[in-house]
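Novice: what follows is a predicted protein model with its sequence.
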Amino acid sequence: MIKLINNSRKLIARVALATAVCGISTGALAASGKLVIVTSFPSDLTKVFKAEFEKQNPDVKLEILKKKTTAGIKYIQETSKNNKTDMFWASAPDAFEVLKDDGLLQKYSTKVTGIPPKIGSFPIHDPDGYYTGFAAAGYGIMWNQRYLKAKKLPAPAEWSDLEKPVYFNHVGMSAPSRSGTTHLTVETILQNNGWDKGWASMKRMAGNFKSVTERSFGVPDGVNSGNFGIGIVIDFFGLSSKGAGFPVDFVYPSATALVPANIGVVSKAPNSEAAQEFIEFLLSVKGQTLLLNPKIRRLPVNPAIYSQAPKGFPNPFTDKELQGTLKFDLKLSKNRYNLVNSLFDVMITYRKDDLTDATRAIHTLERKLAKKPNPKAGKLLDEAKALIARLPITEAEANNPELASVFTKKRKKATDKVTGRQAEIEAKWDTFVVNNYSKARKLAAKAQDML
Amino acid sequence: MTSNSTTRKSFLRLPDFSATQWGPGTVATLIAIFLLVVLILPVAKVIFVAFQEPSTGAFTINNFIDFFNASLFRESFINSFYVSAMSVVFATLIALPLAYFTTRFNFAGATLIQTFGIIPLIMPPFVGAVAMQLFFGENGSVNLLMDEWFGFTIPFMEGLNGVILVQSVHFFPFILINLSASLQNIDRSMEESALNLGSSGMRLFRRIVFPLSMPGYVAGASLVFLKVFDDLGTPLLLNVNNMLAPQAYLRISSVGISDPIGYVISVILVAFSLFSLWVSFLALKNKDYATTQKGGGGLLKRDLKKWEKVSCYSVILLILCFVMAPHAALFLLSIATVWSFSPLPDAYTLSHYTEVFDTAGDFISNTLLYAGLAGLIDVLLGTAIAYIVWRTGIWGRKALDFLAMGAVAIPGVVLGIGYLRMFYHMEVPFSDIPLASFWGIIVIALAVRRLPYALRACMAALAQVAVSLEEAAESLGATKTRTIRKIVIPLMSGGILAGFVTSFATAAVELSATIMLVSSEADAPLAYGIYVFMQSAAGRGPGAALGIIAVLIVGVGTYLSHRVIERSKRHRGES
């Protein structure tokens, strides 16, 4: 043992030496053409782009830093005083909005031509010029074919299909507070159906949830393993899982929002020249074509590329099903961003078990009622459903900037005043929601006894 | 890094101040300063918002009132407590036979069993979760087969009971390692006296052996309790959100929010962890576990009768099969082409290993370096703190112990953000690299996060060394330092090794703090590599392959450490 410790003493001395040497040598390296990109994209995507870009620009060395979107934002915020990051590269436009609001991005307009201003109704590039869209993504439903076959379930096609009792305990989704892309899905459903109806539909779907995953990739992962059969996902998760050989399929429901995935140059970037070069590369014909790689499968923003796409690959510029995509109000979404996330968590993520119990009771009642109609029990059923759908706040309240500001909590100045605390409000919502769920369950049980 | 090496130096230079209190006093002060810089300040920089009025920035305890007013949080607290307590019970049931059989009987393959016993602690992030679901999940191999053969399924992985199951399988090695070390340290003469007085069998175990091994058991059990209480990986994997640690994590890491309640929960986690630690101290209080005869190989080992051997082996085999199942699934995943909703993969391939082959080299050497250094720092600090607590009367020595243990309850992401805040604007000397981007910071972060493991092991080891041995050495003219080096540390070696192994093994797969601090792929450890792969559907196989590599590294490391200790023990026994 003593020998061991003696040896380790030597080791520490050696390490101390190595440390000093390392420190100096990496210091010298920083001066050369290094381009540091913080990204949430998987290595399947980044390594393809890195290889090609470095081939075209032999002097520049790409340093890819993989962090999930939320951690990436935190990292750039925390390190802004001594910034070493050149670019931020991720899906959700709202993540870029957060950075833009903090003054952490710099303006750049691409020189590439041939890219339309909008995809669906969504501007491809930030109208203010702080970030650039390079690929589009839509939201949809993926499922495991073996799972559906074994459990004898039909394949879903629309959001509303997921509300059906056959899918009880078969659906998975991520929480919008956990992933920017999921947030957009929820907003899409809310904006498409309206606040009250949208949430009611969301909760009927949530009643069928098997799990609310902690990260957005947890959903395709769960479907691929067969842990649950159906997942609400962004298209490339579905398309690339299929590309990787899993027995899964993917569909866009008629109400989907196509939104661009983006890249932006971080303000005070050490190497903004190379950063701009990289944006040009992403939008070039070569860069856009790389998106069609079976392990990547994202939708190029240059319409000319689709001629090279494999058969059956969606084309947002010509496909009918993607033409009717609704108008997505980014400003509305941004203003109530945290509030919607928090509401989802309070009503669904944290109270999934209560919601599942109530939903099970309602489904059982519905089955029994179908066999043996009973107007009195039918009335109780409607009441129970209404109880579940009930919201702790109205749309007007949700859109009120004063309430929303409780959830942002980013005081720009020390003098900014915010009334109320998030935890206080959430606790109130929680009591409201839990009471309603349990009342609904009891009503449904009572109605079952009548039959 | 610097403050740490000073700690170390002065610890080994004790001769200069020997025989007085201020030698250890200096060490204690240096350790305290080190912990202040790498633990207290960074964490304080993050969690001070728990005491801040969100609207005005003024000091307040309203956030804590909110916590206790919310039924969700009260429920989470109770759930966390229940799960932790039950996990200790089940972990004990798994660990006790393994520890007892391998230390008390002459048993072929004891080292191997001890090594296998630690593997469950090393569940690589993400891939481990996927493998578990594929095996035990509602539509995993086991349930698919059961459904086919018997027409029913067992919800292994559902709800709180699922968490208890997975946690006890995951964390029982804490008890196994510390209990085994303790059992090996028991004075043979105690047992012999008991035998002479006519006690044997179960009674001997209940009245003599188990009570004497209490320091190790309590060290292990308290670690299991604390770890389960603070762990978020498993509840998140099973999508159980109504527990404290996941509540804190989910709230802290949400997009663009700085809701103080996440930090309030962190403060409560730390406070409760320290409280339960204090309770575990009470369990050992006023009892003397030190025995004088040491180094002779510990407990009497006896040979087993044939049928005893058969039943012992079958019990051990059963337990090992059960606890190793997730790793078997992980291995299958690493050689599977597609594995989806079926008991076994569709086909097998080695291509995942070739795919990770190019990148794995850097990851492996980084992991070995980081986890090895972190483990080393941990046992050094652990031994020093244990000595200060048990052997000196320095003011505030208990506080030092609590301080170091506090790290167990700090969520990795909080520590990671704290380090970024604290060290990013400092630069590594002679360069323009921020200190937070320097890989050494990852080592420090790992060391701080895993210090509690090593510390508990060292504390338990020292509790079993009789002071009279040191007094004897000193009265024969040895200086204090010489006594520590020649008597105390060798006698503690089992515990120190146990500490090193747990720290090293768990540091090798740590991700939550690492992911905040990795600033270039060349500096990244294996866990980060797995994370990167596990972001895409095609990356599952390569991720699993990296996971298996991580498990192998830790397994080999553990096995070698056991061999080293066995050899040194035999060596001492002969001389």
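Specialist: That came through, no problem.

Novice: how about low-confidence regions in chain B?
Specialist: By pLDDT under 70, the weakly predicted segments of chain B are B:1-22, B:54-55, B:253-258, B:286-288, B:290-300, B:430-432, B:568-575.

Novice: tell me which strands the lengthiest strand in chain A pairs with, and in which orientation.
Specialist: Secondary structure of chain A read by DSSP state E shows that its longest strand is strand A:259-266. When sheet partners are counted by DSSP bridges, strand A:259-266 sits next to strand A:87-90 (antiparallel), strand A:105-106 (antiparallel), strand A:132-137 (antiparallel).

Novice: what's the mean pLDDT across it?
Specialist: Strand A:259-266 carries an average pLDDT of 91.

Novice: circling back: between the strands paired with strand A:259-266, which gets nearest to B:Ser520?
Specialist: For those, proximity to B:Ser520 was assessed by C-beta to C-beta; strand A:87-90 is nearest, at 14.7 Å. Every residue, glycine included, has its C-beta placed from N, CA and C.

Novice: before we move on, back to that, would you format the strands paired with strand A:259-266 as a markdown table with mean neighbour count and mean pLDDT included?
Specialist: Listed next are those as a markdown table, based on neighbours: other C-beta atoms under 10 Å in any protein chain shown; pLDDT from 0 to 100:
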| stretch | mean neighbour count | mean pLDDT |
| --- | --- | --- |
| strand A:87-90 | 26 | 93 |
| strand A:105-106 | 22 | 94 |
| strand A:132-137 | 25 | 91 |
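
Novice: list the contacts for the closest residue to A:Asn315 other than its chain neighbours?
Specialist: Leaving out its chain neighbours, the residue that sits closest to A:Asn315 by C-beta to C-beta, 6 or more residues apart in numbering or on different chains is A:Tyr306, at 4.6 Å. Taking C-beta atoms under 8 Å, 6 or more residues apart in numbering or on different chains, we find A:Tyr306 in contact with A:Pro300, A:Phe313, A:Asn315, A:Phe317, A:Thr318.

Novice: and the nearest residue to B:Ala50 once chain neighbours are set aside, what element?
Specialist: The shortest distance from B:Ala50 to any non-neighbouring residue, by C-beta to C-beta, 6+ apart, is to B:Tyr263 (4.0 Å). Following DSSP states H and E, one finds B:Tyr263 within helix B:261-284.

Novice: repeat for B:Asn366
Specialist: Per DSSP H and E, B:Asn366 falls inside helix B:351-391.

Novice: which strands and helices sit next to that helix?
Specialist: helix A:2-29, helix B:2-12, helix B:22-35, helix B:397-406, helix B:439-463, helix B:489-507, helix B:526-533, helix B:540-574 (3 or more C-beta pairs under 8 Å, 6 or more residues apart in numbering or on different chains; DSSP states H and E).

Novice: any idea how far that helix is from the middle of the chain?
Specialist: Chain-centre distance of helix B:351-391: 12 Å, with C-alpha atoms, centre = their mean, to the nearest Å.

Novice: quick one, domains of chain A?
Specialist: A:1-28, A:32-138+A:261-317, A:147-257+A:331-450 (automatic domain parsing).
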